[in-house]
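Q: Provide a 3D model corresponding to the input given below.
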Amino acid sequence: MQKRKTMKLKNIPPVPAVLLAIVSVQGGAAIAKGIFPFMGATGTATLRIVLSAIILLLAYRPQLNKISARQWKLIVPYGITLGAMNLSFYLSLSRIPLGLAVTLEFLGPLVLAISSSRKALDFLWAILAAAGIFLIAPWSVDSKLDLLGTGLALLAGTFWAAYIVIGGKVSKVIDGGQAVSIGMAVASCVVIPFALADGSFAQLNFELLGLGLAIALLSSAIPYTLEMSALKHIPAKTFSILMSLEPAVAAICGIIFLSEHLAAKEWVSITLVVTASLGATLVKRKTNEVADEKH
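A: Now for the predicted structure:
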């Protein structure tokens with residue numbers, strides 16, 4: 001049964017796979033918010049990563065003895081990046097609002113999208129996404145930003161950009177499921193010492209463990225598998241711009257689940273971000289269709 005579910009995830013087209021991954025991550029973030037008061041950011045991040053690693057290892061059962069030295073040289077940095085990205089993001093989330101954390105984190109992939117672009121049209125989509133993010137972020141003088149939280153979010157964005165680059169390389173030398181499962185195991189080794197050091201697991205019980213399992217599925221196991229599959233078929237810059245939907249989805253989840261009211265400029269920002277994502281998707285699809293016609 002688990003194998004059939006895995007195959008279904010791998011067979012999802014790249015663009016829908018990325019979109020589904022985004023929605024899944026936001027669902028996991030909503031659950032994680034309720035665990036912070038009990039386990040803290042470090043404990044929640046560690047619980048998510050460790051349970052994700054267990055789930056993925058059981059699902060894919062990678063044969064470690066058959067992993068080549070060349071593959072290990074990519075998988076280990078991939079796993080370290082996953083652990084550092086998640087830990088720094090959750091730490092930032094404990095100090096600044098979710099919308100701001102997601103917005104600042106996305107600057108990493110956005111810079112990657114612009115730096116790797118070779119077409120003027122791709123640059124336009126990146127500019128639109130940047131404008132949307134700028135409008136979402138509270139840049140007014142009245143805003144009291146936590147500098148450490150802001151720095152951690154930017155650090156998470158740097159690791160996110162590295163994840164995109166390394167993930168794209170890893171997906172070309174090893175099956176995506178095996179890469180994610182081994183990578184999450186490596187990530188667990190990165191974050192566990194931090195959780196043990198601050199005593200995050202002291203409050204752990206069966207209820208929190210169950211919530212942690214839900215977070216692991218929604219925020220790590222499902223989306224990372226989908227993303228690894230998508231990265232095989234779309235370039236890093238297209239993936240980066242599609243991921244610009246993260247702030248917009250976070251805002252929509254706020255309306256649905258938290259009854260948050262959006263200002264006019266925030267609606268404009270969502271429109272800009274969605275336009276950039278749709279533009280990148282449509283251009284990519286049109287390019288593929290032309291290529292298919294030539295063959």
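Q: show me how far stretch 270-282 is from its chain's centre.
A: Mean-position distance between stretch 270-282 and its chain equals 18 Å (CA atoms, centre = their mean, to the nearest Å).
Q: next, the buried residues of that stretch.
A: Within stretch 270-282, the residues scored as buried using 16 or more other CB atoms under 10 Å are 270, 272-277, 279-281. C-beta coordinates here come from the backbone N, C-alpha and C atoms, glycine included.
Q: what comes into contact with it?
A: Residues outside stretch 270-282 that contact it (CB atoms under 8 Å, 6 or more residues apart in numbering): 15, 121-122, 124-126, 128-129, 131-133, 135-136, 238, 241-242, 244-245, 247-248, 251-252, 262.
Q: filter the residues you listed to the buried ones?
A: Buried, going by 16+ other CB under 10 Å: 15, 122, 124-126, 128-129, 131-133, 135-136, 238, 241-242, 244-245, 247-248, 251-252, out of these.
Q: from these, which ones fall inside strands?
A: The strands in this structure, assigned by DSSP state E, contain none of those.
Q: follow-up on the earlier one: pLDDT-wise, what's the bottom of the buried residues of stretch 270-282?
A: Ranked by pLDDT, the buried residues of stretch 270-282 bottom out at Thr281, which scores 62.
Q: any idea of the mean pLDDT in whichever helix in the chain runs longest?
A: Ranked by residue count and defined by DSSP state H, the top helix of the chain is helix 14-60. Mean pLDDT, computed over helix 14-60, is 87.
Q: so what's the gap between it and the chain middle?
A: That offset, for helix 14-60, works out to 10 Å (CA atoms, centre = their mean).
Q: repeat that for stretch 263-271.
A: The answer for stretch 263-271 is 23 Å, by CA atoms, centre = their mean.
Q: thinking again about what came up before, tell me the angle of whatever helix or strand comes next after the longest helix of the chain relative to helix 14-60?
A: Sequence-wise, the next helix or strand downstream of helix 14-60 (DSSP states H and E) is helix 69-93. Here helix 69-93 runs at an angle of 110 degrees relative to helix 14-60 (axes from the mean of the first three to the mean of the last three CA atoms, to 10 degrees).
Q: buried residues, helix 69-93. List them.
A: Buried residues in helix 69-93 (16+ other CB under 10 Å): 71, 74-75, 77-93.
Q: next: stretch 103-123.
A: 103-114, 116-117, 122.
Q: using PDB, write out every CA atom in it.
A: This file holds the C-alpha atoms of stretch 103-123, laid out as PDB (Å, rounded to 0.1, in the frame of the first residue of the first chain):
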ATOM      1  CA  THR A 103       8.700  36.400   3.100                       C
ATOM      2  CA  LEU A 104      12.200  36.900   4.300                       C
ATOM      3  CA  GLU A 105      13.100  33.300   3.800                       C
ATOM      4  CA  PHE A 106      12.000  33.500   0.100                       C
ATOM      5  CA  LEU A 107      14.600  36.100  -0.600                       C
ATOM      6  CA  GLY A 108      17.100  33.200  -1.000                       C
ATOM      7  CA  PRO A 109      15.300  31.400  -3.800                       C
ATOM      8  CA  LEU A 110      14.400  34.700  -5.400                       C
ATOM      9  CA  VAL A 111      18.000  35.800  -5.600                       C
ATOM     10  CA  LEU A 112      18.800  32.400  -7.100                       C
ATOM     11  CA  ALA A 113      16.100  32.800  -9.700                       C
ATOM     12  CA  ILE A 114      17.400  36.200 -10.800                       C
ATOM     13  CA  SER A 115      21.100  35.200 -10.800                       C
ATOM     14  CA  SER A 116      20.400  32.000 -12.800                       C
ATOM     15  CA  SER A 117      18.100  33.700 -15.300                       C
ATOM     16  CA  ARG A 118      19.200  34.300 -18.900                       C
ATOM     17  CA  LYS A 119      15.900  35.500 -20.400                       C
ATOM     18  CA  ALA A 120      14.400  39.000 -20.000                       C
ATOM     19  CA  LEU A 121      10.900  37.400 -19.400                       C
ATOM     20  CA  ASP A 122      12.200  35.300 -16.600                       C
ATOM     21  CA  PHE A 123      13.600  38.400 -15.000                       C
END
